[in-house]
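Chemist: model the following, please.
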Amino acid sequence: MKEKDFQAKLRKQLKARGCLVFNLAGNMYTGSGIPDLYIQHPNWGGWIELKVDKNKLTPLQSAFLKELGHKGANSLKATYHNTGGRIEINKFTREGIGKPFFCESIEEFVTMLLRNRG
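Modeler: Numbers count the residues shown, from 1 in each chain. All right, here's what the predicted structure looks like:
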């Protein structure tokens, strides 16, 4: 799966669960380093940068996510692994980058996000 396909499937799942989903990256109005998506739901709001397989954050993306986490905003990097279909999640917090955790599917990832209250 390519990143654009991961994004489309994730957006579809989020919208089906009542989320507002904003794609802010990659247009002429936003600067470099802005995460791919901003999500708003009564149980969770925050920023998500999407990657596939071994794609890495750019220095600007990493700096932006760290700054968001330092300011207390929910900010995640979600990496879809084509081998096995698992999603690796890294949370950026005031303390730094948390230990990665895994979801077995996009559906599980969305469920995990929307159960979280912060």
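
Chemist: alpha carbons only for contacts and neighbour counts from here, please
Modeler: Will do.

Chemist: find the residue at the geometric middle of this protein.
Modeler: I48 (2.3 Å; CA atoms, centre = their mean).

Chemist: thought that residue was touching K77?
Modeler: Yes. The pair I48 and K77 qualifies as a contact (CA atoms under 8 Å) at a distance of 5.6 Å.

Chemist: which strands and helices sit next to the host helix or strand of K4?
Modeler: Element membership for K4, per DSSP states H and E: helix 3-16. Packed against helix 3-16, as judged by 3 or more CA pairs under 8 Å, 6 or more residues apart in numbering; DSSP states H and E, are the following elements: strand 20-23, strand 44-52, helix 106-115.

Chemist: angle of it against helix 106-115?
Modeler: Using axes from the mean of the first three to the mean of the last three CA atoms, to 10 degrees, the inter-axis angle of helix 3-16 relative to helix 106-115 is 50 degrees.

Chemist: give the buried residues for helix 3-16.
Modeler: In terms of neighbour count (16 or more other CA atoms under 10 Å), helix 3-16 has its buried residues at 6-7, 10-11, 13-14.

Chemist: check stretch 63-70 too.
Modeler: Buried residues in stretch 63-70 (16+ other CA under 10 Å): 64-70.

Chemist: so what touches it?
Modeler: For stretch 63-70, the surrounding residues in contact (CA atoms under 8 Å, 6 or more residues apart in numbering) are 33-35, 74-76, 92-97.

Chemist: hmm, who's touching the lowest-mean-pLDDT helix or strand in the chain?
Modeler: Here the helix or strand of the chain ranked lowest by mean pLDDT, DSSP states H and E is strand 96-97, holding a mean of 84. Contact with strand 96-97 is made by 66, 69-70, 90-91, as judged by CA under 8 Å, 6+ apart.

Chemist: partners of it, with directions?
Modeler: strand 87-93 (antiparallel) (DSSP bridges).

Chemist: centre of the chain to the partner strand, how far?
Modeler: Distance of strand 87-93 from its chain centroid, counting by CA atoms, centre = their mean, to the nearest Å, is 8 Å.

Chemist: who touches it?
Modeler: Contact partners of strand 87-93, identified using CA under 8 Å, 6+ apart, comprise 65-66, 68-70, 72-81, 97-106, 109.

Chemist: quick one: mean pLDDT over it.
Modeler: Taken as a whole, strand 87-93 has an average pLDDT of 94.
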